[in-house]
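K.L.:
sequence and predicted structure are below.
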Amino acid sequence: MAKTVKIALAGEGGQGVQSVAAIMVDAANDAGREALYIPNFGVEQRGGVSVAYCQISDEKIGSPKFKYADLIIALSDRAVRRTKQYVNQDTVFLYDTSIENIEQDLPTNAKKVFAIPALEIAKKELHPRVFNVIIMGAAIAATNVIEMEAAKKAIEKKLGYKFEQDAKLRDLNFKALEKGAELVQGLL
Amino acid sequence: MADKPIQGEKRVFMTGNEVVAWAALAAEADIMYGYPITPQNEVMHYWTRLAPKYGKRFLQTEDEISAGFTTCGGVLAGKRAFTATAGPGNTLMQESMSMAEMMRIPTVLVVQQRGGPSTATVIYSQQEVTMTCYGGNGEGLRIVYSTGSHQELYDYTIKAFNTAWKYRFPTFVLGDGYQAKMRESLYLYDPALKGIKMETTTPYLGLEGMPGVDRDPSHLRNTYNTEEELYEVVSDLVAAYEKIAPEVVEYQTFNTDDAEVIIIAHGVVTRAAQAAVKTLRSQGLKVGHFRPVTLRPFAAQQLRDIVKKAKKLVVVESAQGQLMKLVKDAIYGETVPIEGYLKPGQGITGEEIVEYIKKGM
Amino acid sequence: MTKVPNMPKSWRVETKPHKFCPGCGHGLVLKALGEAIDELGIQDRVVFGCDIGCSLLSWDFFNVDSVQTHHGRTTPVVTGVKRARPELICIAYMGDGGGYAIGSQHLVNAAARNEKVTAILVNNCNYGMTGGQMAPTTLPQMKTETTPYGRDPEQTGYPTQGPEMVAAITREGSYVARGTVANVRQLKGFIKKALQNQIEGNGFSFVEALSGCPTNWSTNAKDTWAFIEETMPKYFKVGEIKAPAKKEE
């Protein structure tokens, strides 16, 4: 029986968590896998913690929510605290190095806990806008739910119209994917 | 103008709200009336974009009271009319749906349940079961389908139009905020491809010919003068409902034949229940799952037959006993113990059901 | 160290920064209201009701007893409070949907009965919280989530002229005005007069405030202000519309 991979991405509203989750599951669906994605947010249009629950499998997915995640990526301090409840001994927990004073709040029962400098790399080497694409690259590399090529195809599908106007954006996004994957490769 | 909105069959990946809009189009719905309320807004967003391409109409009303009554109006005019709502909006719809019950108006209402009571959350629950099945000041003469996947949301929204127009009772598709917002795959299809023919609609008002000359005028009312008169009217309604109930009732069973513990759940929770049964069976435990698909009418006799051999029933729902009440009503007299795993407004995973069942075994 | 900015005394510091979107007009309207409450010295007598939608984010905004109600039902709840305890200063705070759509019958009836409450309505031409659907005050040809091809007045009517409608219904003793977040001082003046009207027990008071919603308008700062300052006043006239006649000395 194929295992369902459960991924929770969490951040502040506006960090692009939902966009990236949607592209990732779309990629899985296009690659012929079963996928389910559900966003979770509060009443506010902006602000507030935004969580994306993604499940990818070869079989039809069961409940839209899960108790424990295989991978959690948290992009803010509130996101770290919000997603701790989904951690068990099989969970890989990644968080961004930009989050300050978070050591006390990190989970102590996860399989692995790592900080990745996604925002820093976005700002210094790429562009702050592709921060969430770096996260997507990390998520894919950490779980192997889809091939990198499938991820690139999905980004092309979603943002192709922008790439038409500026081909450099394509390189930027694809580089971001690859960078994200690199960040994780050494760690796991 | 394009002809059929869905031609052939195609696999898509989209949110539940979008599915509802496409299903209504595929079912040849003529007009949607609606009012914004989370989490069903996108049904309107998709409908307003697609409708003009297929010559369909839309009206955003001033509130849900109006949305319900304008839907009644559209149906009385002989058109396939529908609306969608959630939570407090559903509460406001009860007045119009009572009128539809009394007057046998085939309305279609899609409900995407959110937390309750009052405004609560915009996210999810199964707390509108009692209201959708028995709301308003009537006897619950309604047909309610509880869907658990996007494929079912599509299938049953199309079916709702046919059920409504064939049997002439207000018909509901009971989804929830998870189904509304989540994305998963399904097959959109042209109903004709599956041998589904849409029921013909006939107007109650605005009929052909000169009233009083060519034909009797249509005089519709929902008011009565005496107790005796009302008793007759309601008895006829009830008789009509009970007559069609066996044709309409739907349910599913999973491993119930030799089950000692039977999980009863509906809607999206059936997914968690089915997963739990798989896991528990693989561990050698005799657990099964009964899933009502129609909450109204409820598969009472069928459930009664199934629980006779069981040692325990566990009702699992994201509400404080709304499904439990329907179950108890259905199997009154049976002595099998019933427990509730009740989590109002909260999602339920397969893992937690497994944990709960194992603790009790 | 973060410096706490100057805020009206009646504002609750613990619930700041608020949850409204960047660029939202609600903050300015609530500032005008806060200053009016301060200047009139009524903080301990005010009961503040808010609606559903973005206005609900003001439920814990003030150091004032507040109640978040149901969509469109703020006016009747606040009316109920006032009828039971006339000494309280009752304010109903709502958006264009809460006042002119689902709440319109309550607004109309409160006005007709000359209820001695003050209704403040924030008009940003859309339903913000639920994602930008058409509102009664959406402008002709304006694109919203439920008018994706632009609002067609033939199909959906013209933008509701709320204060004018209220002024047509009320009798002597009412105060009706329309202000704008583009002129907060003037808006505060209108709100102060509206509250004063309630304090004096004259009748129904109503102030509409033209406001912005860059999130759902998808406008940057410059375009948001242009819309509020130049476009909206073409349909919604700013100024005092009705006020009680001055009493003979």
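P.N.:
Great, that's in hand. Numbers count the residues shown, from 1 in each chain, chains lettered A, B, ... in the order given.
K.L.:
could you pull up phi and psi at the residue in chain C that chain A sits nearest to?
P.N.:
For chain C, the nearest residue to chain A under the criterion C-beta to the nearest C-beta is C:C21, separated by 4.4 Å. In short, each C-beta sits where N, CA and C put it, glycine included. Its backbone dihedrals place C:C21 at phi -60, psi 160, with angles given as degrees, to the nearest 10.
K.L.:
so it is in contact with C:W217, correct?
P.N.:
No. Under the criterion of C-beta atoms under 8 Å, C:C21 lies out of contact with C:W217, with a separation of 10.9 Å.
K.L.:
thought B:V316 was touching B:I353, still the case?
P.N.:
Yes. Using C-beta under 8 Å as the test, B:I353 is close enough to B:V316 to be in contact (5.9 Å).
K.L.:
shared neighbours, those two?
P.N.:
Contact criterion C-beta atoms under 8 Å, 6 or more residues apart in numbering or on different chains; residues shared by B:I353 and B:V316: B:I263, B:A272, B:A273, B:Y341.
K.L.:
now the first one, what's its secondary structure?
P.N.:
Secondary structure of B:I263, reduced to three states by DSSP: H, G, I helix; E, B strand; the rest coil: strand.
K.L.:
how deep is it tucked in, by neighbour count?
P.N.:
Look at B:I263: counted by other C-beta atoms under 10 Å in any protein chain shown, it has 30 neighbours.
K.L.:
what sits closest to A:A115 if chain neighbours are left out?
P.N.:
Closest residue to A:A115 apart from its sequence neighbours, by C-beta to C-beta, 6 or more residues apart in numbering or on different chains: A:T97 at 4.6 Å.
K.L.:
let me fix that: A:Y53
P.N.:
By the measure of C-beta to C-beta, 6+ apart, the closest residue to A:Y53 outside its immediate chain neighbours is A:I38, 5.1 Å from it.
K.L.:
part of a strand, is that neighbour?
P.N.:
Yes. Counting by three-state DSSP, A:I38 is part of a strand.
K.L.:
in chain B, which ranges drop under the pLDDT threshold?
P.N.:
Low-confidence segments of chain B, defined by pLDDT under 70, span residues B:1-2.
K.L.:
return the list of helices and strands in contact with the longest helix anywhere in it.
P.N.:
In chain B, assigned by DSSP state H, the helix with the most residues is helix B:227-248. Where contact means 3 or more C-beta pairs under 8 Å, 6 or more residues apart in numbering or on different chains; DSSP states H and E, helix B:227-248 is packed against helix B:87-103, helix B:150-167.
K.L.:
how far is it from where the chain is centred?
P.N.:
20 Å (C-alpha atoms, centre = their mean, to the nearest Å).
K.L.:
and it, which residues are buried?
P.N.:
Burial within helix B:227-248, assessed by neighbour count using 16 or more other C-beta atoms under 10 Å in any protein chain shown, is assigned to B:V234, B:L237, B:Y241, B:I244, B:A245, B:V248.
K.L.:
how about stretch B:169-179?
P.N.:
Within stretch B:169-179, the residues that qualify as buried are B:F169, B:P170, B:T171, B:F172, B:V173, B:L174, B:G175, B:D176, B:G177, B:Y178, B:Q179, counting by 16+ other C-beta under 10 Å.
K.L.:
what number of residues lie near the residue nearest to the fifth one when sequence neighbours are not counted?
P.N.:
Put plainly, it is B:V173. Leaving out its chain neighbours, the residue that sits closest to B:V173 by C-beta to C-beta, 6+ apart is B:V110, at 4.6 Å. The local packing of B:V110 (other C-beta under 10 Å) involves 31 other residues.
K.L.:
who does B:V110 bridge with?
P.N.:
In this structure, B:V110 has the following beta-bridge partners (DSSP bridges): B:A84, B:V173.
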